[in-house]
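Novice: have a look; sequence and predicted model below, questions after that.
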Amino acid sequence: MRIAVVGGGPGGLYFAALAKALDPSTEIRVWERNAAEDTFGFGVVFSDETLGGIEHADPVIYARMAQHFARWDDIDIHYRGTLTTVGGQGFAAMSRKTLLQLLQERCAELGVEVSFRSQAPDVDSLSLDYDLVLACDGANSAVRTKYADVFGPSLELGHNKYMWLGTDLVFEAFKFYICQTPYGIMQVHGYPYDATGSTFIVEMHDDVWRRAGFAESASTVFPPGVSDEKSVARVQELIGDLLQGHRILLNNSKWQSFPTISNATWRNGNVVLLGDAAHTAHFSIGSGTKLAMEDALALAACLHEHPDVPAALAAYETERRPVVLSTQRAARASLDWFESIGHYTEQPPEQFAFNIVTRSRRITYDNLRLRDPEFVAGMDAWYAEHEASRQGRLEADSARPPMFHPYRLGQLELKNRVVVSPMDMYSADDGMPTDFHLVHLGSRALGGAGLVMTEMVCVSPTARITPGCAGIYTPEQEQAWARVVDFAHSTSTARIGIQLGHSGRKGSTKLMWEGIDEPLPDGNWPIVGPSPLPYSPANPAPRELDQAELDEIKADFVACAEAAARAGFDLLELHCAHGYLLSSFLSPLSNVRTDRYGGELANRLRFPLEVFDAVRAAWPAERPISVRISATDWAEGGNDVEDAVEIARAFAEHGTDAIHVSTGQVVKDEKPAYGRSYQTPYADRIRNDLGQRYGVAVIAVGAISSYDDVNSVLLAGRADLVAVGRPHLYDPHWTLHAAAEQDYQGDGADWPVQYRAGRRKPPTGRTDGPRPRLTLLREPDPGTRHARWRPGG
């Protein structure tokens, strides 16, 4: 086999060495346009997982790398005059220049031909002359550009500016410096890479960058290898004191905006992309070098395992793409967090520290408990004191996991922070809730959640989404709901809330399992909306509502709120999300009216606020009210987070007690960025912008499926309450089982008397039994690893 490698960075060289070691008969040639001694950047960081793979794949390379590692365990967070250290992390870094030298030496030993200061031949000719062409030519890949119609690249620039620098100050740990300047927040990411220096990355939002005067260099084009010395001098002036008199080092140092790169495919015939040419992930969760070397390992293995190049490349992409997408999701969460860092600088130091280390959602509460139990114990104590003080409670119980702390919503006491999310069951009989609703909601009330929400309960027959949707617009329906409420109140300590809504243009459709959003074949009932725009090409256009009809619908909401109060519900939630009627007034994609209910956001808010005010007036003053919103439409031209903040602000000013933050489902052609806890950043933004100022609770929801994630969301200050949906369908007693898993027994997770005999987690097999002693002398508990990098110490 003949293999051509375009680009002699770590990814290309590592692949060449591995492939040659696996099959010495393979002819491999590498072209690198720079000199062998050239390198841009300072240090690279590796995870223990990646190092384990490198050690297994080529022990020779690993052993040589290990001689040069800077190793440490701690993260230091310098914030508002405080230092918080989180241990047990496990880092290894080395000089990028040293890494390249080692890989070059290994390639030479194995017989790989590497041409420096050489442009690779045209990729078309390479693909004819070689069995495989590997494009490792970086984020600005010429190969990717040439075949852009096949690879389908996309590039999204971040809103922050950053600059790679070095320093001869040798840090002892990974450093986050949060610097308050007259122009806004600047942050520094720093870490040691050997006994002589550290990487020093300066980052700030574009707005801060401009206010600080750095934009003066924006019009200057710096050739490769030339640094922006004027900006570096300005950095030294603003935050140079962090370096304690040590020098800032330059190496191709200039301002950049991080490009998140992805491709529809990494393959074009026998040409394949690797590393930054295929994908990038923000530097705050690890180095691009790490990802490139993982790519190289996977590709070399697939070539060895499969009979031909097409099969190997298909296997490579099948194996690597899910890993890369997961990394990119985490990196995007981290990038977004740093772009929004100014919204967190009012947080107490303890919470800020937890927030920054869990920002990507890869490190969590339980994960930190394993890595640094002392830090988590301190956080538990801080959270207990902070929440008790904030809510006017006399006692703080640090033995409770965060999710089992009580919460006062208005005048309503909730025993814990878990909400059973509203979930449509499509099981009503002509609007009438049935025994299914009694069993469904009753079992969740018995299951331990602090608050159980009904599905969207419709305010009129024509407000229903489907024929199976429930209402509360008749006396009989009210009585049926009162039976559900009475059961919850008499058999559990859960509180129960009702969500009121109107389907709008998404009404008159089939049951979910018969065809979600598909219109009923006979049209059944007319649908209405703010404008005559259909939800999708398959749905009919709604009739545009006139003033009289708007008044009638508002009256329906009021009548149903009064019925819900009589039925005994503890809380009412107004459904202004997911493209239903009130939501469709808020979005410019579904509301193109030209009267006082359309146009700018203040006008689009008008009708939902009129309904809210009328419902709030009808709903008992001592009972709280919540509003559910879609914080983004996930579509171009629609609402996004900035609009969501203003929507939440408007409802807060009108007296809501809580904002329940969901997203999307406003237009059929939305493009949501699904992932674990993917909606939480929107709740986070609203809470940290508005929640504390207005005294409004924020409820996070969406793909939050573990108690670990619930605890993490709460402790980081991303929400006050967490709504958990589908896990409660999987397990009606999810909350109680979460308590058992965490060895918590207390009033935050009180088991019904009938079930108390089962409140301990049952054994699952012989492995749960007591283990024999197999060591003569017990090893002392080493505690949290807090190794620091102190070369020569």
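Specialist: Thanks, I have the structure now.

Novice: the longest helix in this structure is where?
Specialist: Longest helix in the chain by number of residues, with DSSP state H as the criterion: helix 309-339.

Novice: please name every helix or strand in contact with it.
Specialist: Here helix 309-339 touches strand 160-167, strand 259-263, strand 267-268, helix 288-305, helix 680-686, going by 3 or more CB pairs under 8 Å, 6 or more residues apart in numbering; DSSP states H and E. Every C-beta, even on glycine, is put in place using the N, C-alpha and C of the backbone.

Novice: would you list the ones you listed in CSV and tack on mean pLDDT, mean neighbour count and distance to Val324?
Specialist: Conversion of these to CSV gives the following (pLDDT from 0 to 100; neighbours: other CB atoms under 10 Å; distance: least, CB to CB, whole Å):
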stretch, mean pLDDT, mean neighbour count, distance to Val324
strand 160-167, 96, 22, 22
strand 259-263, 97, 19, 8
strand 267-268, 97, 20, 14
helix 288-305, 95, 23, 7
helix 680-686, 96, 26, 21
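
Novice: what residues sit buried inside the longest helix of the chain?
Specialist: By neighbour count with 16 or more other CB atoms under 10 Å, helix 309-339 contains the buried residues 309, 312-313, 315-317, 320-321, 324, 327-339.

Novice: what residues are bridge-paired with the closest residue to Ala314 other than its chain neighbours?
Specialist: Spatial nearest neighbour of Ala314, excluding adjacent residues (CB to CB, 6 or more residues apart in numbering): Arg267 at 7.4 Å. On the basis of DSSP bridges, Arg267 is bridged to Val272.

Novice: so how far is Cys136 from Arg267?
Specialist: 14 Å (CB to CB, to the nearest Å).

Novice: ditto for Leu729
Specialist: Distance from Leu729 to Cys136, counting by CB to CB: 46 Å.

Novice: ok, these two, which is more surrounded?
Specialist: The neighbour comparison of Leu729 against Cys136 (other CB atoms under 10 Å) goes to Cys136, with 31 against 15.

Novice: mind listing the helices for the stretch 51-200 of the chain?
Specialist: Taking DSSP state H, counting those that start in this stretch, the helices of the stretch 51-200 of the chain run over residues 59-66, 96-110, 123-129, 142-146, 148-151.

Novice: which residue ranges of the stretch 351-500 of the chain form strands?
Specialist: Taking DSSP state E, counting those that start in this stretch as the criterion, the stretch 351-500 of the chain carries its strands at 407-409, 412-414, 418-420, 451-458, 495-501.

Novice: who does the second one pair up with?
Specialist: Strand pairing for strand 412-414, determined by DSSP bridges: strand 407-409 (antiparallel).

Novice: which residues in the stretch 601-750 of the chain form strands?
Specialist: Along the stretch 601-750 of the chain, counting by DSSP E, counting those that start in this stretch, strands occupy 625-630, 658-662, 697-701, 721-724.

Novice: quick one: strands adjacent to the shortest one?
Specialist: If I follow you right, that is strand 721-724. strand 418-420 (parallel), strand 697-701 (parallel).

Novice: and the contacts of the shortest one?
Specialist: Identification of contacts with strand 418-420 by CB atoms under 8 Å, 6 or more residues apart in numbering yields 403, 444, 447-453, 699, 701, 710, 721-725, 728, 735, 738.

Novice: can you check the last one too?
Specialist: With CB under 8 Å, 6+ apart as the contact definition, strand 697-701 has outside contacts at 407, 409, 419, 421, 626, 657-662, 677, 679-680, 683-684, 686-687, 691, 713, 718-725.
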